[in-house]
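Q: here is my input; please provide its structure:
(chains A and B)
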Amino acid sequence: MKTKDALFEFLLRLADDRLVLGHRTSEWCGHGPILEEDIALANLALDHIGQANNLLEYAAEVENEGRDADDLAYFRNTREFRNIKMVELPIGDFGFTIVRELLFSAFNLHYLDRLKQTSDKQLAGLASKAYSETQYHLRHSKQWTLRLGDGTDESHRRIQSSLNELWPYTGELFDEDEIEEHLVFELNIPNKEPVRSGWNQTINEVLEEAGLERPADDQYMQSGGRTGFHTEHLGSMLAEMQQLPRAYPDAEW
Amino acid sequence: MSEEEHSTNDQWPLWEVFTQKKRGAPHQHAGSVHAPDPEMALQNARDVYARRSEAVNIWVVPSSEITASNPSDKESFFDPADDKIYRHPQFYEVPRAAKKRTSSGS
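A: Okay, here's the model as predicted:
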């Protein structure tokens, strides 16, 4: 395996997680529960899309086939997307959006912190910038998880059910294959095992404080997103996200 | 929030937001946010007033804790200062000797 090909694939994984979650989060724009939270969610969405943009620019540079970040974002089909399934699920209610952000940002807190050590200087720089944004994402989702978990009976019931629904999608965060193993060896990207223990600790602390029950880990865990096998939801999301540049390829905005 | 307030207003309490643009600079009033508690008020203030890195520090204060002067008191509160120019340092002549010393930069 050529390191260049593995790196391109790896950058798409990082970028697509953020691009898809960013687009999902942007669906809250104008629909937030209160004005302040509407703005907060739009900020989150922009952070994710900004990180995706930087990663896709770098991916295009590594691929060196004349494609740019926009080509990668808007002219790849569902099967070519490399995001985990968790991020493509519909936004659900506010609690669902918050729990997803919590699970994803807690992973990134530990993953990006280690990705800063990669020998690929450009990737290390991107990881470092994304890390400080992630700290805020975790803070935001944690504060809301505490309040919804420890709030009213209804908020507790609904956020617990979102957590149960999302849990089978958390396994994919920690999947490793030969591409990542190759890059662990060649570019010193993080191993997933220490990330998992960090994530467990962060999540357990938040769930305990929020009075939420951690779902069972020995249940069936979803996977397939990394190889392009997605849920039924990604296709319709991409149709909306990609419609404009596909209908008007020369459009500028 | 008291029961009475709650029945007429289903909004969260209001907080005044003060942002500091750089270290050492004074905190200035930026606006207000609604939030259920101090931590969320801080978080909302960050998202509404400091998301484009306009601030290095934020204060939030419950709006109900602020005591303000009444606009109708304007005359009795502020006008008296206008006709007492001796309250301003510019009223006083600086003695020539002092002036000289200042201008020579010692």
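
Q: pretty sure residue A:92 is touching residue A:162, no?
A: Yes - if you go by C-beta atoms under 8 Å, residue A:92 and residue A:162 touch, sitting 6.4 Å apart. (Each C-beta comes from the backbone N, C-alpha and C, glycine too.)

Q: who has more neighbours out of those two?
A: When residue A:92 and residue A:162 are compared for neighbours, residue A:162 comes out ahead with 22 against 17, by other C-beta atoms under 10 Å in any protein chain shown.

Q: in the longest helix seen in chain B, which residues are buried?
A: The longest helix of chain B (DSSP state H) is helix B:38-49. By 16 or more other C-beta atoms under 10 Å in any protein chain shown, the buried positions in helix B:38-49 come out as B:40, B:41, B:42, B:43, B:44, B:45, B:46, B:47, B:48, B:49.

Q: now render those as TSV, adding pLDDT and distance to residue A:83.
A: Below are those laid out as TSV (pLDDT from 0 to 100; distance: C-beta to C-beta, whole Å):
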residue	pLDDT	distance to residue A:83
B:40	95	30
B:41	96	34
B:42	95	32
B:43	94	27
B:44	94	29
B:45	95	32
B:46	94	28
B:47	92	25
B:48	93	30
B:49	94	33
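
Q: next up, the contacts around the residue nearest to residue A:209 when sequence neighbours are not counted.
A: The shortest distance from residue A:209 to any non-neighbouring residue, by C-beta to C-beta, 6 or more residues apart in numbering or on different chains, is to residue A:146 (5.8 Å). Shown in contact with residue A:146 (C-beta atoms under 8 Å, 6 or more residues apart in numbering or on different chains): A:206, A:209, A:210.

Q: what lies in contact with the longest helix of chain B?
A: A:36-37, A:39-40, A:43, A:136, A:139-140, A:143, A:147, B:15, B:17, B:19, B:30-31, B:33-35, B:55, B:58, B:60.

Q: these in helices, which ones?
A: A:36, A:37, A:39, A:40, A:43, A:136, A:139, A:140, A:143, A:147.

Q: ok, and of those residues, which contact chain B?
A: Among the ones in helices among the contacts of helix B:38-49, the ones lying near chain B by C-beta under 8 Å from any C-beta of the partner chain are A:36, A:37, A:39, A:40, A:43, A:136, A:139, A:140, A:143, A:147.

Q: mind listing what residue A:1 touches?
A: Taking C-beta under 8 Å, 6+ apart as the test, what residue A:1 contacts is A:178, A:179, A:182.

Q: ok, now with 6 Å
A: Contacts for residue A:1 (C-beta atoms under 6 Å, 6 or more residues apart in numbering or on different chains) come out as residue A:182.

Q: for chain B, what spans make up the strands?
A: With strands called from DSSP state E, chain B shows them at B:14-20, B:27-34, B:57-62.

Q: just those: most buried one?
A: Greatest average neighbour count among the strands of chain B goes to strand B:14-20 (a mean of 20), per mean count of other C-beta atoms under 10 Å in any protein chain shown.

Q: show me what it is packed against.
A: Other elements packing on strand B:14-20 under the criterion 3 or more C-beta pairs under 6 Å, 6 or more residues apart in numbering or on different chains; DSSP states H and E are strand B:27-34, helix B:38-49, strand B:57-62.

Q: chain B against chain A: which residues are in contact?
A: Neighbours of chain A within chain B, by C-beta under 6 Å from any C-beta of the partner chain: B:33, B:44, B:47, B:48, B:51.
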